[in-house]
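next comes the sequence, and after it the predicted model I'd like to discuss.
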Amino acid sequence: MMTRQMIFVCLLIVSSLYAFARGGRPEQIAAATLALGVLASIAFVQPGSVRFHYLEAGILGVDLAMLGIFLALSLRSTRFWPLWISGMLLAEVIIHLTRALVPDIVPAAYAEAAGFWSWVAQSMLIAATWRHQERLRQRGYDASWRSN
């Protein structure tokens, strides 16, 4: 039986490979950012006995770095979806800050809340890559970057 983590890893692999193979540069940057963000979060999470019992400062740092990348994509690319993923990452940052301010949060609830938007972001990347392909089919081109 597949665990939730295994399903997420499969979604991460599918969305990343699809974006790298069929996406424009913004989708490819997003795929690299999301995949590296998952790997960095795994590397920085606290040991199992205290995992999510306290503020996960390492994961907060990863989420802040990813937020910066997606905000830059929002400003430079012609795509609308990087701003949506930026909003999801901002929600994750707020979850971390809430954990710091409210230490009585149940660790499992903190873990679930901190990881929820990752599922949506992967799904959004698949949709964004599909939309890029649709624009290419309809127009023959799909400019990735703003000209001004």
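Great, that's in hand. None of these values were measured; they are calculated from a predicted model. Numbers count the residues shown, from 1 in each chain.

low-confidence ranges in this structure?
Along the chain, the parts satisfying pLDDT under 70 run over 1-2.

now do the helices in it.
Shown for the chain, the helices assigned by DSSP state H span residues 4-22, 25-44, 57-76, 81-101, 107-139.

excluding chain neighbours, give the residue nearest to residue 77 in space.
Of all residues not flanking residue 77 in the chain, residue 26 sits nearest, at 4.2 Å (C-beta to C-beta, 6 or more residues apart in numbering). In short, each C-beta sits where N, CA and C put it, glycine included.

OK, contacts around the one you found?
73, 77-79, 82, 128, 144 (C-beta atoms under 8 Å, 6 or more residues apart in numbering).

just the buried residues of the residues you listed.
73, 77, 79, 82, 128, 144 (16 or more other C-beta atoms under 10 Å).

okay, those residues in JSON lines with distance to residue 95 next?
Formatted as JSON lines, these follow (distance: C-beta to C-beta, whole Å):
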{"residue": "73", "distance to residue 95": "22"}
{"residue": "77", "distance to residue 95": "26"}
{"residue": "79", "distance to residue 95": "25"}
{"residue": "82", "distance to residue 95": "20"}
{"residue": "128", "distance to residue 95": "24"}
{"residue": "144", "distance to residue 95": "31"}
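
in stretch 135-148, what counts as buried?
For stretch 135-148, by 16+ other C-beta under 10 Å, it's 142, 144.

give me the distance from it to the chain's centre.
Distance, stretch centre to chain centre, for stretch 135-148: 23 Å (C-alpha atoms, centre = their mean, to the nearest Å).

quick one: contacts of it?
Outside stretch 135-148, the residues that reach it (C-beta under 8 Å, 6+ apart) are 24-26, 75-79, 132.
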